[in-house]
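**Student:** give me a model of this one.
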Amino acid sequence: MPTPDTFEYSPAFREHVVQLHRGKEGWPHYNAYLNAHLGGPDSRLHEHKTRLVRELEHHCGSLRDLRVLDFGCGTGASTVALAGAAGEVVGFDVDAESAVIARARMEEHGLGGR
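**Tutor:** Presented below is the predicted three-dimensional model:
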């Protein structure tokens with residue numbers, strides 16, 4: 001059961017993340033690396049929601065009415081965190097497959113129009 005600080009992704013989304021990282025299965029910390037791209041307590045999503053947004057708002061003020069650019073958004077963990085705090089967020093990444101996952105992540109969180 002997810003806690004308020006975590007998120008449970010659909011099996012289809014999880015499989016998309018696994019496919020993005022195919023070929024890395026032999027890495028010593030592969031499972032931790034994979035989990036960082038999902039929604040558990042050790043994920044980038046959790047880190048960005050609990051620290052990144054707070055740090056940005058400390059330096060820039062409220063993001064509520066701002067349009068924020070997430071340049072190099074990767075698979076979108078920071079994009080989702082920013083979308084929850086900003087008026088609008090635009091994610092950009094040169095890796096097309098990562099950008100597809102970022103868009104799917106936004107949909108999973110019900111933020112597709114943000």
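**Student:** can you pull the buried residues of stretch 22-38?
**Tutor:** 34-38 (16 or more other CB atoms under 10 Å). C-betas here are computed from N, CA, C, even on glycine.
**Student:** could I have that stretch exported to CSV, CA atoms only?
**Tutor:** Extracted as CSV, the C-alpha positions of stretch 22-38 are listed here (Å, rounded to 0.1, in the frame of the first residue of the first chain):
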residue,chain,number,x,y,z
ARG,A,22,17.2,-3.1,-20.8
GLY,A,23,20.8,-4.2,-21.0
LYS,A,24,21.7,-2.8,-17.6
GLU,A,25,20.5,-5.9,-15.7
GLY,A,26,24.0,-6.9,-14.9
TRP,A,27,24.8,-3.6,-13.1
PRO,A,28,25.6,-4.2,-9.4
HIS,A,29,22.9,-1.9,-8.2
TYR,A,30,20.4,-2.5,-11.0
ASN,A,31,17.3,-3.0,-8.8
ALA,A,32,18.0,0.2,-6.8
TYR,A,33,18.6,2.1,-10.1
LEU,A,34,15.3,0.8,-11.5
ASN,A,35,13.4,1.6,-8.3
ALA,A,36,14.8,5.1,-8.4
HIS,A,37,12.7,5.6,-11.6
LEU,A,38,9.5,4.4,-9.9
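**Student:** let me know the average pLDDT across it.
**Tutor:** Mean pLDDT, stretch 22-38: 92.
**Student:** go on, stretch 105-114?
**Tutor:** Averaged over stretch 105-114, pLDDT sits at 90.
**Student:** can you give me the end-to-end distance of that stretch?
**Tutor:** Start-to-end span of stretch 105-114 (CA to CA, to the nearest Å) is 12 Å.
**Student:** check this structure and tell me which residue is nearest its centre.
**Tutor:** When CA atoms, centre = their mean is applied to the chain, the residue found nearest the centroid is residue 77 (1.0 Å).
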